[in-house]
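> fold the following for me, if possible:
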Amino acid sequence: MILGAHVSTAGGVQKAPLNGKKIGAAAIQMFAKNQNQWKAKPYAEETVAAFRQNLADSGISVVVIHDSYLINLCAPDPENRRKSLEAFVDELERAEALGVPYLVTHPGSHLGQGDAYGVGEVANSLNEIHAHTPGFKVMTLLETTAGQGTNLGYMLDQIAEMRERVLERSRVGVCADTAHMFAAGYDLRTEEGYEDAWRSFREIIGFEHLKAVHLNDTKKKLGSRVDRHDHIGEGELGLEPFRRLLHDPRFAGIPGILETPGEEEDYIRNLDTLRKLQ
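Predicted structure coming up:
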């Protein structure tokens, strides 16, 4: 597994590789723009060039973008859906401009319309988005979620069905989040639970579609359906699931991204914990 963390883009996206290098990350995740705004100015050519140069100089091997928290690909409200699709196309365009291969997204919230409605709408939205971005190389990664509120993606079957209903399936992969999976009811703590969870993943989705993993401990109990990240080894998961992941050949070469609480020094500490387990 290629270990890294979500890094700040304060001062511009070109700073992300520098921030990743500072904490010793071999992989980074970042926002392509302010995650709490619908729109932002297009990148200047100098920004794109600086990002690419800083990345080349950093030694970082994989970059992942996480989309805006405002985007809801199954929004029932037509205006919110329109804004979400436009914003997602913009995210893809930014990733494409920077040469970033993966864009992670939470599948969305059906807001009371039901899981079946939401799953279908996510696929419909991705089909529309793909029609507006022909030939793009960046792959959308549907993230497993905790299932908080009406969030979709807490069941592996939902992720698999969304992907199955997308016409250009080669443009859609998966990002698994350890904290979210545990909160959704997949008990990664024991050897039996760990094997059961990843056997289900293999049978329902397939490891060939897993392109990134979010490495997070959690403050909440198994099956709580609540999303609260914690430092590695300090939450309900403990150290053992991460030790297993880091020694599991199925995850070799896949970026493992920390999204733990705190600042740079906390990421350094969590990366150190993971490397000791490795």
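> any low-confidence regions in this structure?
Scanning the chain for pLDDT under 70 picks out nothing.
> would you list every one of the helices in the stretch 1-150 of the chain?
When assigned using DSSP state H, counting those that start in this stretch, the helices of the stretch 1-150 of the chain occupy the ranges 16-22, 45-58, 78-98, 115-132.
> deepest-packed of those, please.
helix 16-22 (a mean of 22; mean count of other Cβ atoms under 10 Å). Glycine gets a C-beta too; all of them are placed from N, C-alpha and C.
> same for that helix, what does it pack against?
With contacts defined as 3 or more Cβ pairs under 8 Å, 6 or more residues apart in numbering; DSSP states H and E, the packing partners of helix 16-22 are strand 27-31, helix 45-58.
> turn the ones you listed into a markdown table, including distance to residue 248.
Below are the helices and strands packed on helix 16-22 laid out as a markdown table (distance: least, Cβ to Cβ, whole Å):
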| stretch | distance to residue 248 |
| --- | --- |
| strand 27-31 | 17 |
| helix 45-58 | 27 |
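> residue 90: which of those is closest?
Minimum separation from residue 90 across those (Cβ to Cβ) falls at strand 27-31, 12.3 Å.
> hmm, who's touching the closest one?
Defining contact as Cβ atoms under 8 Å, 6 or more residues apart in numbering, one finds that strand 27-31 is touched by 2-9, 13, 16-17, 19-20, 60-66, 68, 104, 212, 255-257, 259.
> circling back: between the helices and strands packed on helix 16-22, which one is nearest to residue 199?
Among these, strand 27-31 comes nearest to residue 199, with 25.8 Å by Cβ to Cβ.
> figure out how far that closest one is from the centre of its chain.
Centre-to-centre, strand 27-31 and its host chain are 9 Å apart (Cα atoms, centre = their mean, to the nearest Å).
> tilt between it and helix 78-98?
Strand 27-31 and helix 78-98 are oriented at 140 degrees to each other (axes from the mean of the first three to the mean of the last three Cα atoms, to 10 degrees).
> could you tell me the angle between strand 27-31 and helix 45-58?
Using the same axes, to 10 degrees: strand 27-31 against helix 45-58 is 160 degrees.
> element containing residue 211, please.
Counting by DSSP states H and E, the element that carries residue 211 is strand 210-215.
> now for the residue lying closest to residue 15 once chain neighbours are set aside: which residues touch it?
Of all residues not flanking residue 15 in the chain, residue 9 sits nearest, at 6.0 Å (Cβ to Cβ, 6 or more residues apart in numbering). Counting by Cβ under 8 Å, 6+ apart, residue 9 touches 15-16, 19, 30-32.
> out of the helices and strands packed on helix 16-22, the one nearest residue 146 is which?
So among these, strand 27-31 is nearest, using Cβ to Cβ, at 17.9 Å.
> helix/strand/coil for residue 257?
Under the three-state scheme (DSSP: H, G, I helix; E, B strand; the rest coil), residue 257 adopts strand.
> for it, give me its contacts.
Going by Cβ under 8 Å, 6+ apart, residue 257 touches 4-6, 27-29, 64, 212-215.
> okay, now the closest residue to it other than its chain neighbours: neighbour count?
Closest residue to residue 257 apart from its sequence neighbours, by Cβ to Cβ, 6+ apart: residue 29 at 4.6 Å. Number of residues near residue 29 (other Cβ atoms under 10 Å) recorded here: 26.
> any idea how far residue 29 is from residue 172?
18 Å (Cβ to Cβ, to the nearest Å).
> in the protein, which spans are strands?
Using DSSP state E, the strands of the chain run over residues 2-6, 27-31, 62-66, 102-105, 139-143, 172-177, 210-215, 217-218, 229-230, 255-258.
> tell me which of these lies nearest to residue 268.
strand 2-6 (8.9 Å).
> what's that closest one packed up against?
strand 27-31, strand 62-66, strand 255-258, helix 264-277.
> 7 Å instead?
In terms of contacts (3 or more Cβ pairs under 7 Å, 6 or more residues apart in numbering; DSSP states H and E), strand 2-6 is packed against strand 27-31, strand 255-258, helix 264-277.
> quick one: that strand to helix 264-277, angle?
160 degrees.
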